[in-house]
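# One predicted model, sequence on top.
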Amino acid sequence: MTSPKIKKSKISRRSFIIKFLLGGAALAFLDAYWFEKYIIDWKEFDISEGATDKIKTIQLSDLHINSIKTFHRDIAQRINIEKPDVLFVTGDSVNFNKGIAALDTFLGMIDYDIPKLAILGNVDYEGGTNLNLLRETYEKYNGRLLVNQNHKIKVKNRTLNIVGVDDYLCGDSDFIKASEGLDLSQDTVLLNHCPAYRDEVDVLIAKLGQKIKLVLSGHTHGGQVTFFGIPFFTPDGSGNYVKGWYKNEHSQLYVSKGIGTRLLPLRFGARAESIIFHI
């Protein structure tokens with residue numbers, strides 16, 4: 001007695017391609033709307049060049065905070081674990097006034113003893129944010145909002161100059177005013193939301209015969225949506241900068257991809273990040 005033959009189902013080439021494309025689209029959707037937005041990429045760089053008493057800093061940029069989500073709590077927890085000597089917030093903290101309440105909650109989750117130095121971004125202006133209230137919110141949590149101003153951080157036997165300039169697009173960026181009274185031969189960090197302004201700063205410090213240890217910017221969101229690393233769009237004020245390191249003889253710039261999103265609630269090829277610098 002012969003056993004019955006079992007028919008093997010065949011998947012047509014067309015059916016396979018359709019399922020493959022649908023699966024790929026689902027993965028891309030999950031990546032863009034969840035993974036790259038909410039699973040923060042923590043990077044760490046040592047630019048101390050062998051200095052003793054290293055100063056540990058963390059940069060957050062482009063929070064665009066409207067409400068508190070789980071990943072905000074995770075960020076605050078990581079900051080508290082890292083215990084940086086100073087936290088930098090490089091612009092676009094909120095989109096509108098209503099976001100200040102969420103920012104208040106977020107800052108309240110971070111160890112009060114960690115100094116927090118922030119600057120303004122274009123969206124802080126464009127959203128009609130009450131800048132006095134924003135300033136008071138930072139001050140409530142051991143913070144300062146620097147608008148063409150500077151501040152010194154003293155850690156052990158080190159002093160670090162922090163220069164914060166106003167937004168390049170909607171404010172009045174003025175590096176000369178912001179650095180008044182500072183000895184820029186000491187290690188200096190420049191907080192500058194729009195990276196394009198770095199080009200003007202380089203010209204100024206070249207004339208003065210000075211250098212800047214580190215320039216920290218954001219604004220670009222790393223392109224937010226990219227294809228093989230190439231952004232479809234970068235906003236005005238980006239200049240020739242998208243993300244990561246840009247170094248020359250005058251300064252070294254790091255452009256953060258930031259935390260939040262703008263216009264489109266997704267990221268693709270531009271994962272949200274926070275950066276630890278040892279200076």
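Received it, and whenever you're ready, just let me know what you need.
# Now stretch 55-63: average pLDDT?
Averaging pLDDT along stretch 55-63 gives 98.
# chain center to that stretch: distance?
7 Å (Cα atoms, centre = their mean, to the nearest Å).
# Let me see the ranges of the helices in the chain.
13-30, 36-38, 70-82, 99-108, 122-126, 131-140, 175-178, 197-208 (DSSP state H).
# Make CSV out of the ones you listed and add distance to residue 268, mean neighbour count and mean pLDDT.
The C-beta positions use only the backbone N, C-alpha and C, and glycine is treated the same way. Below are the helices of the chain laid out as CSV (distance: least, Cβ to Cβ, whole Å; neighbours: other Cβ atoms under 10 Å; pLDDT from 0 to 100):
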stretch, distance to residue 268, mean neighbour count, mean pLDDT
helix 13-30, 7, 10, 45
helix 36-38, 7, 20, 92
helix 70-82, 17, 15, 98
helix 99-108, 24, 19, 98
helix 122-126, 21, 21, 97
helix 131-140, 30, 15, 98
helix 175-178, 34, 17, 97
helix 197-208, 26, 16, 95
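# Select, out of those helices, the one closest to residue 186.
Nearest to residue 186 among those is helix 197-208 (13.4 Å), distances taken as Cβ to Cβ.
# Dump the C-alpha coordinates for the closest one into PDB.
Provided in PDB are the C-alpha atoms of helix 197-208 (Å, rounded to 0.1, in the frame of the first residue of the first chain):
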ATOM      1  CA  TYR A 197      27.200  80.200  14.000                       C
ATOM      2  CA  ARG A 198      30.300  78.200  14.700                       C
ATOM      3  CA  ASP A 199      31.800  79.500  11.400                       C
ATOM      4  CA  GLU A 200      31.500  83.100  12.600                       C
ATOM      5  CA  VAL A 201      32.900  82.200  16.000                       C
ATOM      6  CA  ASP A 202      36.000  80.600  14.400                       C
ATOM      7  CA  VAL A 203      36.700  83.900  12.500                       C
ATOM      8  CA  LEU A 204      36.400  85.900  15.700                       C
ATOM      9  CA  ILE A 205      38.700  83.700  17.800                       C
ATOM     10  CA  ALA A 206      41.200  83.400  15.000                       C
ATOM     11  CA  LYS A 207      41.500  87.200  15.100                       C
ATOM     12  CA  LEU A 208      41.900  87.100  18.900                       C
END
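# So which elements touch that helix?
Using 3 or more Cβ pairs under 8 Å, 6 or more residues apart in numbering; DSSP states H and E, the elements in contact with helix 197-208 are helix 175-178, strand 212-217, strand 251-255.
# what angle sits between it and strand 212-217?
Per axes from the mean of the first three to the mean of the last three Cα atoms, to 10 degrees, the angle that helix 197-208 makes with strand 212-217 is 160 degrees.
# what's in contact with helix 197-208?
Helix 197-208 has contacts (Cβ atoms under 8 Å, 6 or more residues apart in numbering) with 165, 168, 173, 175-176, 184, 190, 192, 211-212, 215, 217, 237, 239, 241, 246, 248, 250-251, 253.
# Then stretch 68-82?
37-40, 42, 56, 58, 60, 65, 87, 102, 105-106, 109-111, 114, 259, 274, 276.
# Please apply the same query to stretch 42-49.
Residues from elsewhere that reach stretch 42-49 (Cβ under 8 Å, 6+ apart): 54-55, 78, 213-214, 252, 254, 273-279.
# Figure out how far it is from the centre of its chain.
Centroid separation between stretch 42-49 and its chain, computed with Cα atoms, centre = their mean, is 15 Å.
# Sort out which residues of that stretch are buried, please.
residue 48 (16 or more other Cβ atoms under 10 Å).
# what pLDDT, on average, does it get?
Taken as a whole, stretch 42-49 has a mean pLDDT of 96.
# Could you export that stretch as PDB, CA atoms only?
What follows is stretch 42-49, C-alpha atoms only, in PDB (Å, rounded to 0.1, in the frame of the first residue of the first chain):
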ATOM      1  CA  TRP A  42      24.300  57.200  25.000                       C
ATOM      2  CA  LYS A  43      27.700  58.100  23.700                       C
ATOM      3  CA  GLU A  44      30.900  58.900  25.600                       C
ATOM      4  CA  PHE A  45      34.000  60.900  24.500                       C
ATOM      5  CA  ASP A  46      37.200  61.800  26.400                       C
ATOM      6  CA  ILE A  47      38.700  65.000  25.100                       C
ATOM      7  CA  SER A  48      40.700  65.700  28.200                       C
ATOM      8  CA  GLU A  49      44.000  65.100  26.500                       C
END
